[in-house]
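Visitor: Sequence and predicted structure below; questions after.
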Amino acid sequence: MSTVPIGRDATALRAAIVAGEHTVLEVVEAYLARTQQIDDELHAYLVVDGEGARRRARELDAALAAGESPGPLFGVPVALKANMCLEGMEINCGSRVLQGYRPPYTATFVARLLAAGAVPLGMTGMDEFAMGSSGENTPFDTPRNPWDLSRTAGGSSTGSAVAVAADMVPIALGSDTGGSVRQPAAFCGIYGMKPTYGRVSRYGLVAFGSSLDQVSPFARSVRDLELVLSVISGHDEADSTSLPLPPFESQPSREPGRLLGVRIGLPKEYFSDDLDSEVRDACNAALATLEEAGAELVPVELPHTKYAIPTYYVVATAEASSNLARYDGVAYGQRRDGSGGLQEMFAATRQAGFGDEVKRRILLGTYVLSAGYYDAWYGKALKVRTLLRRDFEQAFESVDLIAGPTTPTPPFRVGEKSSDALAMYLSDILTVPASLAGLPALSLPAGFATAEDGARLPVGLQLIGPRLAEASILRAATALESNTALHEHRAPAYAVEASR
Amino acid sequence: MRDSSPPSAVEFRAGKDFAPCPRPPLQGDAPSPGRRTMSESQLDLVRRSAELARLEITAEEALALTRDFEAILRHFEVLSTLDVDEVPPTLGGSDLVDVTRADLPRASLPVDDLLRNAPDPQPPYYGVPKTVGGSE
């Protein structure tokens, strides 16, 4: 047995365990030690379950010794966003109202991770109920960007992104409603992929916007993304929106560095004058690499893009106002008694339990659904959502994929937008269109911008595909990965030696 | 649970006596001389939404939320410039419809497990403040 090197991807780590280079317990101890060493600064985790992880590691080691066949994620430490149910493990969704909640059941996608041999290390920090783009909307610690601790790591799956970016785990899960995995992946210089809506069961994911939420993996390599997606996807009868399809199967490319014959559409709306120039440059450089690999870059139009933010924030807040009605102090979470009656208890519990952004969105959602306003706002947004879907359908008649920046700017500073709700919403402009259309989309490391103090800040390129075209997106990502070393860069302060 | 900020002097819970709020202005609307100012109508709107959402908000919060609503809804008014009369709505994230399963009895989670997270478990019930017959 030897010292476990930190920084391998999940595929390599599993192979090393199965080859007998390390026990699962050694691996888990190494990642727990790494977490203990650096998470006081980064605050990726809300809960670390070291005892549970060690217990599970011993069970896995015993199973392997007994001759059991190791699963595809055998012995791999994973981090879960704190809105994912694992029986008995505290999740609070980044909210006071759910503090202390321990789910009595396990989510389907978590059960599938466990069946594949993964070892959950803990639950990660997030914007309250996944409402935010910076991890700041929470009464708990805001996870920090390993590339610059004064900057946000994005959100709302902030802690999961930080945990992967700082090598506290090789893979993690987040949930993406309007960009909550792609945007933090871009800000942290890692991969984050939202699958097609319905690919992954939502059973056991605490609901925010039910027609938008998708469980989505973070990883350090394209092959790990494929691996996780193949484990967690597939039909689940417990979720009526789960697509009746078998699990995703990866399709290894014979020539991973080549992309011959692939047409990539570049929407002019995604490269507007408002785009940060360094983000533009980094994305253009990545696109040039894809072009050199054989892809054809084609201008396309998505003319309704400017309606995406209002449409998203009407639809998502409407759904949220309904989904969050359950937090009333009766069945779980915290309770405030108010002035005596049941209604007073509901109102007092929700007043004390929810933070400002959650209240804002519940009120906005309640308003757009209320009598007299429904047609003008919610009804209208549902129709504009159709126009946004049609934009993509039309574009995909002439191209295989669509590419653009994941975010309009590099990571912004903690506190920079937290007092301006609208400014925060507008930062989601490049990720919400694919969410509204239910399309698969991946953010991958594209390069770097330079901060005023000279620090390098990651930039993400987003690849969007037609429904169920995850394989095409991953193939293009493999081409970029094969021709650059962008995915291997680490934040200098948390660098480890990347190795496969 | 941590205490929220102390209630301001004029704490209110949205009452029952609000006048109906005007719908959001749409393109082509003539200015209405009788319409209340934006802030007044938006403040009513925030209060009414709070009542519907069972949210107790302080007067201070209501004012802050009103300012946010004004900025957000002003930005969102761009939706009213689109003619979508002939466009069907998109109701979900995929095209699945009418997903059903056999209507058969099956085991559910044990009641004890479900009550474990309740603030006031009274097996086999959830305890809540008395709702009929006055307070105890």
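Guide: That came through, no problem. Numbers count the residues shown, from 1 in each chain, chains lettered A, B, ... in the order given.

Visitor: Got the phi and psi for residue 120?
Guide: Let's take chain A. Per-residue torsions, residue A:120: phi -70, psi 130 (degrees, to the nearest 10).

Visitor: sorry, should have said chain B
Guide: Given degrees, to the nearest 10, the pair of backbone angles that residue B:120 has is phi -140, psi 70.

Visitor: so for the lengthiest helix in chain B, what's the average pLDDT?
Guide: Secondary structure of chain B per DSSP state H: the longest helix is helix B:59-76. When pLDDT is averaged over helix B:59-76, the result is 93.

Visitor: swap in stretch A:468-484?
Guide: 96.

Visitor: ok, it near chain B or not?
Guide: No: judged by Cβ under 8 Å from any Cβ of the partner chain, stretch A:468-484 makes no contact with chain B; its nearest approach is 10.0 Å. C-beta here means a position set from N, CA and C on the backbone, and glycine is covered the same way.

Visitor: just to revisit the earlier point, same question for the helix or strand just after the longest helix of chain B: list its buried residues.
Guide: Per DSSP states H and E, the first helix or strand lying C-terminal to helix B:59-76 is helix B:111-115. The neighbour-count check on helix B:111-115 (16 or more other Cβ atoms under 10 Å in any protein chain shown) flags B:114, B:115 as buried.

Visitor: related to what we said a few turns ago, then the longest helix of chain B to CSV, C-alphas only?
Guide: What follows is helix B:59-76, C-alpha atoms only, in CSV (Å, rounded to 0.1, in the frame of the first residue of the first chain):
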residue,chain,number,x,y,z
ALA,B,59,-43.0,47.0,7.0
GLU,B,60,-39.3,47.5,6.4
GLU,B,61,-39.1,44.3,4.3
ALA,B,62,-42.3,45.3,2.4
LEU,B,63,-40.6,48.5,1.4
ALA,B,64,-37.4,46.8,0.3
LEU,B,65,-39.3,44.2,-1.6
THR,B,66,-41.4,46.8,-3.3
ARG,B,67,-38.3,48.5,-4.6
ASP,B,68,-37.0,45.1,-5.9
PHE,B,69,-40.3,44.4,-7.5
GLU,B,70,-40.3,47.7,-9.3
ALA,B,71,-36.9,47.1,-10.8
ILE,B,72,-37.6,43.4,-11.6
LEU,B,73,-41.0,43.9,-13.1
ARG,B,74,-39.9,46.9,-15.1
HIS,B,75,-37.2,44.7,-16.7
PHE,B,76,-39.8,41.9,-17.2
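
Visitor: Give the other helices and strands that it contacts.
Guide: Here helix B:59-76 touches helix A:308-323, helix A:356-369, helix A:421-426, helix B:38-52, going by 3 or more Cβ pairs under 8 Å, 6 or more residues apart in numbering or on different chains; DSSP states H and E.

Visitor: Check what contacts the third one and list those residues.
Guide: Here helix A:421-426 makes contact (Cβ atoms under 8 Å, 6 or more residues apart in numbering or on different chains) with A:132-134, A:309, A:313, A:357, A:360, A:417-418, B:68, B:71-72, B:75.

Visitor: Quick check: PyMOL command selecting the buried ones in the residues you listed.
Guide: Buried residues within the contacts of helix A:421-426, by 16+ other Cβ under 10 Å, are selected in PyMOL with:
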select buried, (chain A and resi 132+133+134+309+313+357+360+417+418) or (chain B and resi 68+72)
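
Visitor: Switch the contacts of helix A:421-426 over to CSV; also include distance to residue A:89.
Guide: Formatted as CSV, those follow (distance: Cβ to Cβ, whole Å):
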residue, distance to residue A:89
A:132, 23
A:133, 26
A:134, 25
A:309, 35
A:313, 31
A:357, 25
A:360, 29
A:417, 32
A:418, 29
B:68, 35
B:71, 39
B:72, 36
B:75, 39
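
Visitor: Indicate which one of the helices and strands packed on helix B:59-76 is closest to residue B:129.
Guide: helix B:38-52 (18.9 Å; Cβ to Cβ).

Visitor: ok, residue A:488 - how many residues close by?
Guide: Using other Cβ atoms under 10 Å in any protein chain shown, residue A:488 has 16 neighbouring residues.

Visitor: Actually, residue A:121.
Guide: Residue A:121 has 26 nearby residues by other Cβ under 10 Å.

Visitor: ditto for residue B:106
Guide: Neighbours around residue B:106, by other Cβ under 10 Å: 6.

Visitor: Next: residue A:32.
Guide: Neighbour tally, residue A:32, other Cβ under 10 Å: 20.

Visitor: how far away is the nearest residue to it once chain neighbours are set aside from residue A:57?
Guide: In space, residue A:32 comes closest to residue A:50 once its chain neighbours are excluded; the distance is 5.2 Å by Cβ to Cβ, 6 or more residues apart in numbering or on different chains. Distance check for residue A:50 against residue A:57: by Cβ to Cβ, to the nearest Å, it reads 10 Å.
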